[in-house]
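>>> have a look at this prediction, sequence included:
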Amino acid sequence: MSTPNIELAKGLKETEHLTKVDFKMISFTLAGKDYGIDILKVKEIRKAGNFTKVPNTPIYVRGVDNLRGDIIPIIDLRTMFNLPAETKDKESQENIVILRLDSLVLGVVVDTIEKVVGFASESIQPPHPIFGDINIKYINGVVENAGRLYIILDVDRIFGEPEDVPEAAPLAKPEQAAEEVEAAAPGEPELPLDLKFVGETLAAFGQFHMTPLNRDWVSSRLVEWKKSRKARGLDFQLTQKDEADEFLDAFDSPHSGRLWTTEAIESLAKILSFDASSVVVWNPGCGRGYESYSLAVLFERSFSGKGYKIWASDNDLLNISTAPSLILEDSEVEKSWREFTVESKNGLQFGSDLKAHIVFEFHDLNHPNPLAEVHLAVVRDVISFLKPSDQEKVMTEISEKVRPGGFLVLGTNERLEHPEWKPVGNEIWSVYQKI
């Protein structure tokens, strides 16, 4: 056989193998047995504890928890199905799988969360009464994978209408969540299967949601990822959180989480222009404040004749509380920036004149912002970590708040295609101007 034919045969074999993996699930354990839940039903995984008890609820309802502003019920699957569970203190952290079932979002407590398992759906066998720990009507099927036997739970039936839930009290139903991985629009080609699976896993493990905003980056990153994993003799699929984190390490924009360089500031300043005498800047997701202070230095350096106000916000209370008094290491501050800093008893800080232009406030980007109109919105590497429906809502709010001729700065690996915005950025900055 000639070399091209060998390569073709290999390619066909790989394609055949890929097409067989059409079902993925999050695997976990209950009382020493392996279980799974369809990954499309999983919103995310997390550790949590100290839930708020709710009176007059069944014993398996541990209480409610605050999931970034949404109050969700927490169900202990072990108690629900009369399975043994380790006794823990109220303050102890539990392994939680957050489920998204139509309009219902809830968390279920399990013993351990294992990994993502992928296989052919045709290999799933019907349930059998032998699996007596859990009523057979709550089991979708069983499957053997890598020498382990998994019981796949039917969470729609378990947590469906009240008559389907054993002695269940009504559960709170937060706003309906959208699909974590956006489906192809009508007329668009279907996404490759491997790209869809990676997108689903990033949503489950990394709270990163693949949409048109970042799909090009995920696709190109997947090519690099496959090569890197192959060189190490590993499968490209993401099966646990640390692999998802490694995949996303390359997503952060340059100078993320630290002060921007003078070169970066000058590069951005060449793109921006303002016809107003006073400029309003909106900087959600400001973190510890490095980005907001960098923006202030940009205006001091490149737009010194204009007044400006930077409204910086974050939903991390610790970060937003310490941002106004950010302490800097000498190595963090370029020599030419020293004119904007002062020596305090705690160390090097930005001076009060610069700080007067920045307002730090606690705010969740999912909630409306009181700002009426802004000239510049800097929202780098933030929107991609919102679920698709919230991404759309936030982009709508940005479009309403940024005045015509104003600018939006997204993450370097984020792209916006919208008739109201035209790209004006460069190789460092992903910038769009409102038409």
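The structure has been received and is ready for your questions. Residues are numbered from 1 along each chain as shown.
>>> in the stretch 51-200 of the chain, which spans are helices?
Along the stretch 51-200 of the chain, counting by DSSP state H, counting those that start in this stretch, helices occupy 77-80, 155-158, 193-206.
>>> mind checking these for the one nearest to residue 264?
For those, distance to residue 264 was read as Cβ to Cβ. The smallest value, 26.1 Å, belongs to helix 193-206. (Each C-beta comes from the backbone N, C-alpha and C, glycine too.)
>>> so which strand or helix has the residue lying closest to residue 206 once chain neighbours are set aside?
Counting by Cβ to Cβ, 6 or more residues apart in numbering, residue 206 lies nearest to residue 244, which is 4.1 Å off, once chain neighbours are set aside. Assigned by DSSP states H and E, residue 244 belongs to helix 241-248.
>>> so what secondary structure elements neighbour the very next helix or strand once past that helix?
Beyond helix 241-248 on the C-terminal side, the first helix or strand identified by DSSP H and E is helix 262-269. On a contact count with 3 or more Cβ pairs under 8 Å, 6 or more residues apart in numbering; DSSP states H and E, helix 262-269 meets helix 290-302.
>>> next, the angle from the next helix or strand along the chain from the helix it packs on to helix 290-302.
Later in the chain than helix 290-302, the nearest helix or strand by DSSP H and E is strand 307-314. Counting by axes from the mean of the first three to the mean of the last three Cα atoms, to 10 degrees, strand 307-314 lies at 170 degrees to helix 290-302.
>>> and strand 307-314, which strands flank it?
For strand 307-314, the paired strands and their directions (DSSP bridges) are strand 278-284 (parallel), strand 358-362 (parallel).
>>> ok, the residue nearest to residue 243 when sequence neighbours are not counted to residue 107 distance?
Closest residue to residue 243 apart from its sequence neighbours, by Cβ to Cβ, 6+ apart: residue 205 at 7.7 Å. Counting by Cβ to Cβ, to the nearest Å, the separation of residue 205 from residue 107 is 16 Å.
>>> what does stretch 357-365 rub up against?
68-69, 284-286, 289, 292-293, 296, 299, 308-315, 317, 320, 323-324, 369, 379, 382, 386, 390, 394 (Cβ atoms under 8 Å, 6 or more residues apart in numbering).
>>> touching stretch 139-151 from outside, list them.
Residues outside stretch 139-151 that contact it (Cβ under 8 Å, 6+ apart): 25, 27, 33-36, 38, 117, 119, 123-128, 131, 134, 152-154.
>>> cool, and stretch 214-226?
191, 194-195, 198-199, 202, 208, 210, 236, 247, 250-251, 384, 413-415.
>>> was I right to think residue 397 contacts residue 367?
No - between residue 397 and residue 367 no contact is recorded; they are 9.8 Å apart, counting by Cβ atoms under 8 Å.
>>> and these two? Which one has more around it.
residue 397 (19 against 10; other Cβ atoms under 10 Å).
>>> and that one, how far from residue 369?
7 Å.
>>> likewise for residue 272?
According to Cβ to Cβ, residue 272 and residue 369 sit 21 Å apart.
>>> how about residue 100?
Taking Cβ to Cβ as the measure, residue 100 and residue 369 are separated by 26 Å.
>>> the two: which is more packed in?
Between residue 100 and residue 369, counted using other Cβ under 10 Å, the more crowded position is residue 100 (22 against 18).
>>> surely that one is in contact with residue 38?
No - Residue 100 is beyond contact range of residue 38, at 10.8 Å (criterion: Cβ under 8 Å).
>>> any idea how far stretch 348-361 is from the middle of the chain?
Relative to its parent chain, stretch 348-361 has a centroid offset of 30 Å by Cα atoms, centre = their mean, to the nearest Å.
>>> quick one: buried residues of that stretch?
By 16 or more other Cβ atoms under 10 Å, the buried positions in stretch 348-361 come out as 348-350, 354-355, 357-358, 360.
>>> again with stretch 418-429
421, 425, 428-429.
>>> could you list the low-pLDDT ranges of the stretch 151-300 of the chain?
161-189 (pLDDT under 70).
>>> what's the local residue count around residue 263?
10.
>>> report the residue ranges of every domain in this protein.
As assigned by automatic domain parsing, the chain contains the domains 17-164, 193-248, 262-434.
>>> how long is the second one end to end?
If I follow you right, that is domain 193-248. Taking Cα to Cα, to the nearest Å, the first and last residues of domain 193-248 lie 19 Å apart.
>>> from the middle of its chain, how far away would it be?
Counting by Cα atoms, centre = their mean, domain 193-248 comes out at 13 Å from the chain centroid.
>>> go on, stretch 102-111?
Here stretch 102-111 is found 18 Å from its chain centre; the criterion is Cα atoms, centre = their mean.
>>> report the buried residues of that stretch.
Buried-residue list, stretch 102-111, by 16+ other Cβ under 10 Å: 104-111.
>>> what's the answer for stretch 264-276, then?
264-265, 267-268, 272, 274.
>>> count of neighbours near the nearest residue to residue 119 once chain neighbours are set aside?
Spatial nearest neighbour of residue 119, excluding adjacent residues (Cβ to Cβ, 6+ apart): residue 145 at 5.3 Å. Residues lying near residue 145 (other Cβ under 10 Å) number 15.
>>> go ahead and confirm residue 193 touches residue 22.
Yes - between residue 193 and residue 22 a contact is recorded at 7.2 Å, counting by Cβ under 8 Å.
>>> ok, back up a step: the buried residues of stretch 348-361 in strands, which ones?
Applying DSSP state E to those, the entries found in strands are 348-350, 358, 360.
>>> on that earlier part again, pLDDT value on the residue nearest to residue 119, please?
Note on residue 145: pLDDT of 89.
>>> please report how far it lies from residue 382.
37 Å.
>>> ok, residue 150 next?
36 Å.
>>> next one: residue 228
Distance from residue 228 to residue 382, by Cβ to Cβ: 27 Å.
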